[in-house]
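Novice: Here you go, sequence then predicted model.
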Amino acid sequence: MDATLTKQTSININGIDISWNLEKGGVEFLGISSTIFWNDPSLLNMFKPLVEEIGIEMFCLQIAYSSSLGTKEDYNMMVTQLGNSFEEGFLNWGKAVGAAGWGTFEILYIDYETSKAKVVVHNPWELHMQKNLVESELWGCPFIQGKIIGIFNNAFNNICWADAKYFFHEDEIKVEFDIYPYELTIEEEIERLRTKIEKEKILHLKQTIEEKVKERDELLKREATQALINEKLEQRVKEEIEKNRLQEERLQAQSRMAQMGEMISMIAHQWRQPLGAISSTSIDLQMQIELQSFDLEKKEDRAEFVNYFLQALENINSYVLNLTNTIDDFRNFYKPNKQTVTIKLEDVVSKSLAIMTSSLLADNVKIEKEYNSKDKVEIYDNEMMQVILNILKNAQDNLKEHEIKDPYIKIIIEDKKISISNNGGTIPEDVIRKIFDPYFSTKNEKNGTGLGLYMSKIIVEEHHKGVLSVVNIDAGVCFTIELDAV
C-alpha cells in the first residue's frame, strides 16, 4: 500500500462506502462523520452505570426515543434512494447499517392494513455487548427498537410500538420485534413512566412518613406512662438525663442512709468519754456536798469549795463543747453541697478523721498520716468527706473482720492526690474488678449495701472529673483519689 492509501482509505461493503482519513483519525459512513467503539468494554462501561442509576425501563425509553429522532429522514431515503418499495429500501438500509455492525435485518411479514409487522435482527450489536450479563441486568436493544418504531410509524403512517424478544444461542444472538398499532408515542410513554415513577415516589414517601408517624405514635404511647417524659420527642435526651440524675440521687440517698447508721455508731464512740466525764464530775460534786468535804463556815474552805466547783463546771462546759462539736461535724457532713469550696485536701481528711478517730481507736486501728501538699483544690467538701469516710469505714470493717494484728490505716497526700491504704489483706482479682459496681459488696447482706464505693466513684469521677482507683499492695489494698487527673 502506497503512502497516499495510508492517509485516505475506502472500502465498499454491500454497496456502502466506508472511508477512513487516517491523518485526521476520522471515519465516514454513508457520507456522515462516524466513530468506531468497542461494544465491550467501552460502550458497556458507559451504559451500565446509567442503567443502574435510572432503571432499565426509563433507560430503554430514553435510548429508544433518542434513536427514533431522524427516522423520518431514514424512511424517506429508503423509499426514494434505496429501493422501489419500502420493504426493499428497508432491507437495503439494513445492509448499510449492518456493514457498521448493527446486525442483519430481516422482515418476516408486513401488513399495511393492520399496521402490523415482524422484523428480526440477527447478531445486533446491543445484545453482543450484553451477552456476558446475567438476565436481571439485561436491558435489550432499545437503540434498534427506537429505529424500528420510528421507521414503521412513517411506513404505516400510524403510531406503532415494537415488542422485543431476545434469543441467546451459542451460534447466534438475535432479537425479534413484533410491531403493532399503539396509543402512545415513545415520548408520551416516557411521560407516562415519569408520572408513574413520581407517583411511586410520592406513595413511597407517604408510606415512609406514615411508618415514621406510626413509630412516633407508638413511641409516644409507650412513653406516656412515664411521668417525667415529655410528649415531645425533642426533649427525650433531657428527660433521660433527668431520669439518670434522679436515679443517682436515689442511690446516694440509700448509701447515706446506710452510712448514717455507721455515723451514729461513731458518734456513740465520740460521746461515750465526755458523757462519762460529765457524769463523773456531777457525781463528784454531789458527793462533795453530801459528805460536806468543805467546812463552809470557814472562809478558807468556802474559797476552796468555790474554786473546786468552778473548775468542775469548766470541765463540764469543755465536755459539752466536745459533744457540740461532734454534733456539728455530723450535721455539716449531712448538709447537701450546693457550691464548691476552695480548701486544702489536708483539711478535708482532718474533718473526716474527726468523725471516725474515736471509732478507729476503739478498734485499736493505728492511723498514720503523711501530708506533703498544701495546695488548695476546688471541690464539694462534704461529698469528698463521704468518699473518704466510705474508704476508711470499709478498711476498718475489713481489719476487724480479718482480726488483723497491729492494724493500721495510712493516709498520704501528694499534690492533688489522696492515697488511703491498710494492711487488711489483698482482694482477689475477680472481686477487685467489680468493687465499684452498684449493689456489689464483699460484706454480708446485713452489713453491706454495695452502694458506698459505687457512689464514691460517681462523686470523684462525675462530680469532680477525677479518678478513683484501687490496687492490691503487699499488705493489703490502696485506694487513690486523683483530682484534675482527666
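Specialist: On my side now, so go ahead.

Novice: Show the backbone phi and psi for the closest residue to K400 other than its chain neighbours.
Specialist: Leaving out its chain neighbours, the residue that sits closest to K400 by CB to CB, 6 or more residues apart in numbering is D363, at 5.6 Å. Any C-beta I mention is one placed from the backbone N, CA and C, and that applies to glycine too. According to degrees, to the nearest 10, the main-chain angles of D363 amount to phi -100, psi 10.

Novice: What separation is there between D363 and N84?
Specialist: Remark: distance between D363 and N84 (CB to CB, to the nearest Å) = 126 Å.

Novice: Show me which of those two is the more surrounded one.
Specialist: Neighbours per residue, other CB atoms under 10 Å: of D363 and N84, the larger number sits with D363, 12 against 8.

Novice: For the more buried one, give its distance to E403.
Specialist: Distance from D363 to E403, by CB to CB: 11 Å.

Novice: Next, please give the residue ranges for the helices of the stretch 201-350 of the chain.
Specialist: 236-290, 299-333, 345-362 (DSSP state H, counting those that start in this stretch).

Novice: Run through the neighbouring helices and strands of the last one.
Specialist: Using 3 or more CB pairs under 8 Å, 6 or more residues apart in numbering; DSSP states H and E as the contact criterion, the secondary-structure elements in contact with helix 345-362 are helix 236-290, helix 299-333, strand 366-371, helix 381-401, strand 408-414.

Novice: Now do the end-to-end distance for stretch 366-385.
Specialist: End-to-end distance for stretch 366-385: 20 Å, by CA to CA, to the nearest Å.

Novice: That stretch - what's its average pLDDT?
Specialist: Predicted confidence along stretch 366-385 averages 88 (mean pLDDT).

Novice: any residues touching that stretch, and which ones?
Specialist: For stretch 366-385, the external contacting residues (CB atoms under 8 Å, 6 or more residues apart in numbering) are 332-337, 340-346, 348-349, 351-353, 355, 357, 360, 406-416, 459-460, 463-464, 481, 483-484.

Novice: Swap in 6 Å and give it another go.
Specialist: Judged by CB atoms under 6 Å, 6 or more residues apart in numbering, the contacts made with stretch 366-385 from elsewhere in the structure are 333, 337, 340-344, 346, 348, 351-352, 408-416, 459, 464, 483.

Novice: Spell out for me the ChimeraX command that would select the buried members of the residues you listed.
Specialist: Here is the ChimeraX command that selects only those of those that count as buried (16 or more other CB atoms under 10 Å):
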select :333,337,346,348,351,352,408,409,410,411,412,413,416,459,464,483
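
Novice: Give the residue spans of the stretch 1-150 of the chain that score low on pLDDT.
Specialist: 1-8, 13-17, 20-27, 29-32, 34-40 (pLDDT under 70).

Novice: which residue ranges form the helices in it?
Specialist: Secondary structure of the stretch 1-150 of the chain, counting by DSSP H, counting those that start in this stretch: helices at 3-7, 44-54, 56-68, 71-80, 86-99, 125-130, 142-156.

Novice: Just name the most buried of these.
Specialist: Among the helices of the stretch 1-150 of the chain, helix 142-156 has the highest mean neighbour count (mean count of other CB atoms under 10 Å), at a mean of 23.

Novice: Return the list of helices and strands in contact with that one.
Specialist: Counting contacts by 3 or more CB pairs under 6 Å, 6 or more residues apart in numbering; DSSP states H and E, helix 142-156 is packed against helix 56-68, helix 71-80, strand 160-168.

Novice: Looking at these, which is nearest to G103?
Specialist: Put simply, out of those the one that sits nearest G103 is strand 160-168, at 12.3 Å, with distance taken as CB to CB.

Novice: now whatever helix or strand comes next after that closest one: how far from the chain's centre is it?
Specialist: Elements were assigned by DSSP states H and E; along the chain past strand 160-168, the next helix or strand is strand 173-181. With CA atoms, centre = their mean, to the nearest Å as the basis, strand 173-181 stands 55 Å off its chain's centre.

Novice: Restricting to C-alpha, output strand 173-181 in CSV.
Specialist: Output of strand 173-181 as CSV, limited to C-alpha atoms (Å, rounded to 0.1, in the frame of the first residue of the first chain):
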residue,chain,number,x,y,z
ILE,A,173,-27.8,-14.0,19.0
LYS,A,174,-31.0,-12.3,17.7
VAL,A,175,-33.9,-10.1,18.6
GLU,A,176,-37.5,-10.3,17.2
PHE,A,177,-39.6,-7.2,17.0
ASP,A,178,-43.4,-7.6,16.9
ILE,A,179,-44.8,-4.3,15.5
TYR,A,180,-48.4,-3.2,16.1
PRO,A,181,-50.5,-0.1,16.5
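
Novice: and it, average pLDDT?
Specialist: For strand 173-181, the mean per-residue pLDDT is 95.

Novice: buried set for it?
Specialist: Applying a neighbour-count criterion of 16+ other CB under 10 Å, one finds 173-177, 179-180 buried in strand 173-181.

Novice: Please name the nearest non-neighbouring residue to S421.
Specialist: In space, S421 comes closest to C478 once its chain neighbours are excluded; the distance is 3.9 Å by CB to CB, 6+ apart.

Novice: Just say helix, strand or coil for that neighbour.
Specialist: strand (DSSP: H, G, I helix; E, B strand; the rest coil).
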